[in-house]
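# test case, fold it:
(one chain, ligands or ions: 2)
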Amino acid sequence: MNTLARAEAAEHALSEELDRLVIVKSVIFTSGERDPRVPVPRPPSEGKRFLMSHDPRLPPMPGKPTLFDFFRYRFAPANHLLQSARLAQKNGMPEKVVLACLLHDIGILGFIRGDHGYWAAQMVEPYVDEEVSWAIRYHQALRFFPDESVGYRYPELYAKLFGPEYVPEPYIQEAHRYARAHKWYMTARMLTVNDLYAFDPGVQVELDEFTDIVGRHFRQPAEGLGLDASPSAHMWRTIMWPTRYL
Ligand SMILES: [Fe+2]
Ligand SMILES: [Fe+2]
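Numbering: from 1, shown residues only. Ligands and ions are numbered 1, 2, ... in the order given. Reported below is the predicted structural model:
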């Protein structure tokens, strides 16, 4: 079979697989896309089954997925993260800040925008130093508040995106107050300083640049991320198999 024939055969197999399956978009993966007033079809129509494993529309994951596998097969292209991490490195930041930059928005890339700093912090908490997950959690609040001492201004982009009158909710203001007084404030603040708002589409940063830092600071579980029974393993599984019926 030549390349074209192989591609056609693969596409045919995929469409047959999809014909057999009812794929219900998981609410969390696509929050806002599914109309919550429309009930999920139940039971499935004749001859069909609900999807309970890998979604054939997504690239398959290895049996014991690593952090980088999630970057390759679920978060890609992760230019914003890679460029932020490289900027932190260029600015001579400690490795913990570089790692925090590399991971800070995996909540958005993996499944959800709202409160994404909290989601990402929880995902990585079992595998990183507490200071790293703390910084990721508090970047959620800190990015709304300037700190002139390190040259951080309220992002102009936010005024455009949310309107000039937007005021963060009280829980975000409280989180900011709390973080300001915390011993790790500067770790989280440096994350926001190196969080690139206008990233360069022409710059290609390779994941391999961070192999050593991740090797030193991310405790990769032997069973694979998501299959290791950590308190956040289910979050990684949801990203691996986002459309399982249950
Ligand atoms: Fe963020
Ligand atoms: Fe970001």
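# contacts only, for the residue nearest the centre of the chain.
In the chain, the residue lying closest to the centroid (CA atoms, centre = their mean) is Ile106, at 1.7 Å. Applying CB atoms under 8 Å, 6 or more residues apart in numbering, we find Ile106 in contact with 70, 75, 81, 120, 123-124. (C-beta placed from N, C-alpha, C; glycine too.)
# residues in contact with Leu67?
Counting by CB under 8 Å, 6+ apart, Leu67 touches 127, 214, 218, 220, 225.
# quick check: the farthest pair among those?
Spatially, the most separated pair among these is Val214 and Leu225, at 12.0 Å (CB to CB).
# neighbour-wise, which of the contacts of Leu67 leads?
Highest neighbour count within the contacts of Leu67, by other CB atoms under 10 Å: Leu225, with 28 neighbours.
# would you agree that residue is in contact with Phe70?
Yes: with contacts counted by CB atoms under 8 Å, Leu225 reaches Phe70, the gap being 6.5 Å.
# now the helices: where do they sit in this structure?
3-20, 67-70, 79-90, 95-103, 106-110, 116-124, 130-142, 156-162, 170-180, 185-194, 211-217, 233-240 (DSSP state H).
# among those, which is nearest ligand 2?
With distances scored as CB to the ion, the stretch of the helices of the chain nearest to ligand 2 is helix 79-90 (5.7 Å).
# ok, stretch 92-105 near ligand 2 or not?
Yes: using CB under 5 Å from the ion, we find that stretch 92-105 touches ligand 2 at Asp105.
# now that stretch: buried residues?
Applying a neighbour-count criterion of 16 or more other CB atoms under 10 Å, one finds 93, 95-105 buried in stretch 92-105.
# one more: stretch 193-209?
193-196, 199, 205, 207.
# dump the helices of the chain to TSV, plus mean pLDDT.
Shown next, in TSV, are these (pLDDT from 0 to 100):
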stretch	mean pLDDT
helix 3-20	70
helix 67-70	98
helix 79-90	94
helix 95-103	98
helix 106-110	93
helix 116-124	97
helix 130-142	98
helix 156-162	91
helix 170-180	98
helix 185-194	97
helix 211-217	98
helix 233-240	96
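# and among those, the most buried is which?
Mean neighbours per residue, mean count of other CB atoms under 10 Å, is largest over the helices of the chain for helix 95-103, with a mean of 27.
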